[in-house]
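>>> predicted model and sequence follow; I will ask about them next.
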Amino acid sequence: MLRHTWIVLAAAAFGLCLAGCQSNESPAPTGKSPDKGGKKQLVVGFAQTGAESSWRTAETESMKKEADKRGAKLLISFGQGQQDNQIKAIRSFISQKVDAIVLAPIVETGWDTVLAEAKKAGIPVLLVDRGVKVADDSLYATLIASDFVAEGEMAAEWLGKKMGGKGNVVELKGTTGAAPAIDREKGFHAVLEKSFPYMKVIAGQTGDFKMAEGKKVMQAIIKAKGKDIQAVYAHNDDMALGAIQALEEANMSPGKDVIVVSIDGVKGAFEAMVKGTLSATVECNPLFGPITFDTLGKALAGEKLPKYIKNEDKLFDQSVAAQVIGSREY
Ligand code: AHR
């Protein structure tokens, strides 16, 4: 009975507080915001991975914008790439008695205990952008994310055709243990093995989804492999842009001598495609704010949610970049 009352109150707060509420960058010291004019403000804790890429910044901005629009209070904690920080943030959100928690998990495993704590406290957890591997999937309400395996497959299909089914590829991987790094690698390799057996991944290393790391790793690989490199597959645009810098500094010509394909579809990637240095990118939409808050509303109203809500992705290459760059939202 108590639980039912809680759900109804939280759902009502979600719908009613449309003005005069604010978002916040760090967790407030105490629990829920006081009633404003009799309307209780929805308080959501967001455990973000960090700010490793421009994609990530676009995701954070989208969440903030939507919270503001709906008059919800968003407490954001940046994990700085460390799972421990995210676990601490979730515990802090629980002790502040937030209405709901949104988690963009840095890695896939190691979440069972803290998610069970949130469940015990009656706080729904929504996973956005990345999934987790837990023994009991009732520990989270739903996952809203792209299909990262399909993104890797799309990149490989495009690259295989572009290279006529042969050539040496360097793979710049995302954060070790992160769902997009695991799945983008899986999808890419599966397509090469099946459809393009004469294409070889001659080096693969993590660049942690960061531009500076992507550049550093690429510099080391250029030193080791030099002219043997004919293509780069980066798990995100920021690492691809870093790799492009490294190639240019080594007097290799990205987009001509070396075909570069990546994932995310950020503005910088479109600029590079217009310039001719990046060849293609698979869009992975980071604008999670609207769908996250819509779904939160449903979760708080006690609606049964599907375990997975899929974001649709699409590949863009140089042939369309100039035409669509003006309409890009991130
Ligand atoms: O989980 C999505 C990935 O995380 C994006 O591709 C990357 O840019 C980010 O940091």
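Right, received. Where do you want to start? Numbering: from 1, shown residues only.

>>> count the residues that sit near the residue nearest to Ser279 when sequence neighbours are not counted.
Nearest non-adjacent residue to Ser279, counting by C-beta to C-beta, 6 or more residues apart in numbering: Ile259, 4.8 Å away. Yep, even glycine has a C-beta here, placed from its N, CA and C like the rest. Number of residues near Ile259 (other C-beta atoms under 10 Å) recorded here: 21.

>>> okay, Ile259 and the ligand: tell me how far apart.
When distances are taken as C-beta to the nearest ligand atom, to the nearest Å, Ile259 and the ligand turn out to be 20 Å apart.

>>> pretty sure that residue is in a strand, no?
Yes: with the criterion set as DSSP: H, G, I helix; E, B strand; the rest coil, the secondary structure at Ile259 is a strand.

>>> burial of Gly289, as a residue count?
Other residues near Gly289 number 22, with proximity taken as other C-beta under 10 Å.

>>> can you pull the contacts of it?
Ser62, Met63, Lys64, Lys65, Glu66, Ala67 (C-beta atoms under 8 Å, 6 or more residues apart in numbering).

>>> helices - which of the residues you listed land there?
If you go by DSSP state H, those have Ser62, Met63, Lys64, Lys65, Glu66, Ala67 in helices.

>>> report the two of the residues you listed separated the most.
Maximum pairwise distance in these, criterion C-beta to C-beta, is 9.8 Å, between Ser62 and Ala67.

>>> any idea how this protein splits into domains?
Domain segmentation of the chain under automatic domain parsing yields 43-145+286-311, 148-284+316-327.

>>> and for Ala220, the neighbour number?
For Ala220, the tally of surrounding residues (other C-beta under 10 Å) stands at 12.

>>> ok, whichever strand or helix holds it near the ligand or not?
If you go by DSSP states H and E, Ala220 is part of helix 211-225. No: counting by C-beta under 6 Å from any ligand atom, the ligand is not contacted by helix 211-225; separation bottoms out at 10.0 Å.

>>> which strands and helices sit next to that helix?
Contact analysis of helix 211-225 by 3 or more C-beta pairs under 8 Å, 6 or more residues apart in numbering; DSSP states H and E lists strand 167-173, strand 199-206, helix 237-249 as its packing neighbours.

>>> and the longest one, what's buried?
Neighbour counts using 16 or more other C-beta atoms under 10 Å place Asp237, Asp238, Met239, Ala240, Leu241, Gly242, Ala243, Ile244, Gln245, Ala246, Leu247 of helix 237-249 among the buried residues.

>>> what's that helix packed up against?
Contact here means 3+ C-beta pairs under 8 Å, 6+ apart; on that basis helix 237-249 packs against helix 54-70, strand 167-173, helix 211-225, strand 231-234, strand 259-264, helix 267-275.

>>> cutoff 10 Å now
Counting by 3 or more C-beta pairs under 10 Å, 6 or more residues apart in numbering; DSSP states H and E, the packing neighbours recorded for helix 237-249 are helix 54-70, strand 167-173, helix 211-225, strand 231-234, strand 259-264, helix 267-275, strand 280-283.

>>> equivalent analysis for the second one, please.
Counting contacts by 3+ C-beta pairs under 10 Å, 6+ apart, strand 199-206 packs against helix 148-162, strand 167-173, helix 179-195, helix 211-225, strand 231-234.

>>> listing partners with orientation, what would you give for it?
When pairs are called by DSSP bridges, strand 199-206 turns out to pair with strand 167-173 (parallel).

>>> appreciated, that's everything.
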